[in-house]
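Colleague: Have a look at this prediction, sequence included:
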Amino acid sequence: MNTAPPDTRNALRPSLPATTRRYLVQWIAAAALCCAVAGSVSATAPSPIIIQFSHVVKPDTAKGKAALRFKQLAESRTGGKVRVEVYPDSQLYKDREELDALRLGAVQMLATSLSKLAGLGGDDFLAFDLPFLFPDRAAYRAAVDGPLGVSLLKKLEPRGIKGLAFWDNGFKVFTANRPLQGVADFKGLKIRVQASKVLVAQMRALGSQESVSPLIDVRADLTSGKLDGQENTPTNIYTQGLHDVQSHLTVSNHGYLAYAVIVNKAFWEKLPAELRAILEGALRDATTFENSIAEADHHKALDRLKASGKLTLHTLTPHEAAQWRNAMAPVYQEARNWISAETLAALPVLPGAPP
Ligand code: LMR
């Protein structure tokens, strides 16, 4: 029995028009899920079960490296019964499309940012975008490793998605072609953010106009002047080459970027139990690896950005940080419209954080 899903790679490259890609995703999805499931129930079949793992960042990031670690562990521990095909850098799908593709079964696994998960109806994930929420990595870790993390992942299940793990990236910074120090510096700028209502509200609170666009388009949009600036982590900024097209970077640590590793629930649950257990073990080890390298990668990228000589770096002073927090405080009030009281109550209460 042929257990390989249809090859969607050429048909669905980002160069095709968005509508064509969307139709193709839907058309291919049914066949893909069918093949994947057929493969899963015939453990003795010679063809391996294929897991297509799509993500939108470069291979040389903590997420990119951990996806490859998962592939290596999964393939060796299942003795080749499972093949993991990793597609980095939006090779298969851009940000929003990859979520549709997962739900439809055209890919089986993603590691997507928590911000983007809100688009699947998991609005409580927006909590992680609240400005200045986490004072340090330990506070972020405590939030995802406790009952809150478990309950958030559970909220994806009615959408046909199973959440398996949290992967780290780190604190975000801003870049632009002008210094961003006082809040007034944001006025009139068009800043790229991920698709998140909280991030949109954050930019409006700072007096900027938000632009929600896929990561793969950001460099070109900064180059053409369609965008004035953007927020991301040093690793994404460095590996996407955004420092080549921006002149100023503010180390603001105003928000946190992290991921959930998610799978198509129907695919995952139909896997033979013994293979699923091996894959869960491989993912546990890849997760430990990812979370152990993210912080060092963050600092390395910041050092490389400094050493590039292309950007002027500024670290927010305590006075500037206080001004930013005040400007962003209304976002907390607005977020109550989207994030449940239960989730808000489970977040860390920070001295000096916006109410
Ligand atoms: C972004 O779109 O900026 C990030 O979600 C990319 C990523 O996956 O780190």
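Modeller: Sure thing, it's come through. Every value quoted in this text rests on a predicted model; they were computed, and no experiment measured them.
Colleague: C-alpha only now, for contacts and for neighbours.
Modeller: Will do.
Colleague: Give me the neighbour count for the residue in the stretch 201-350 of the chain that the ligand sits nearest to.
Modeller: Residue nearest to the ligand within the stretch 201-350 of the chain (Cα to the nearest ligand atom): L215, separated by 4.5 Å. By the criterion of other Cα atoms under 10 Å, L215 has 19 neighbours.
Colleague: Kindly report the same for A277.
Modeller: Counted with other Cα under 10 Å, the neighbours of A277 add up to 12.
Colleague: Give me the helices and strands touching the strand or helix carrying A327, please.
Modeller: Taking DSSP states H and E as the definition, A327 sits inside helix 318-335. When contacts are defined as 3 or more Cα pairs under 8 Å, 6 or more residues apart in numbering; DSSP states H and E, helix 318-335 sits against helix 197-205.
Colleague: check whether the next helix or strand after the helix it packs on contacts the ligand.
Modeller: Downstream of helix 197-205, the first helix or strand assigned by DSSP H and E is strand 209-212. No. Strand 209-212 does not reach the ligand (Cα under 6 Å from any ligand atom); its nearest approach is 9.2 Å.
Colleague: Now do strand 209-212, average pLDDT.
Modeller: For strand 209-212, the mean per-residue pLDDT is 96.
Colleague: cool, and stretch 271-282?
Modeller: Mean pLDDT, computed over stretch 271-282, is 98.
Colleague: Tell me if I'm right that the residue of the stretch 201-350 of the chain closest to the ligand and H55 touch.
Modeller: No. Between L215 and H55 there is no contact under Cα atoms under 8 Å: 10.8 Å.
Colleague: Now A111: closest residue in space that isn't a chain neighbour?
Modeller: In space, and not counting its chain neighbours, A111 is closest to V261: 4.2 Å by Cα to Cα, 6 or more residues apart in numbering.
Colleague: now check the strand or helix carrying that neighbour, is it near the ligand?
Modeller: Using DSSP H and E, V261 sits within strand 256-264. No. Judged by Cα under 6 Å from any ligand atom, strand 256-264 makes no contact with the ligand; its nearest approach is 7.0 Å.
Colleague: and that strand, C-alpha only, in CSV?
Modeller: Taking C-alpha atoms only, strand 256-264 is exported to CSV below (Å, rounded to 0.1, in the frame of the first residue of the first chain):
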residue,chain,number,x,y,z
TYR,A,256,7.8,37.1,24.2
LEU,A,257,7.9,34.8,21.2
ALA,A,258,7.3,31.1,21.8
TYR,A,259,5.8,28.1,20.0
ALA,A,260,3.5,25.2,20.3
VAL,A,261,4.3,22.0,18.5
ILE,A,262,1.0,20.8,17.1
VAL,A,263,-0.2,17.9,15.0
ASN,A,264,-3.3,17.0,13.1
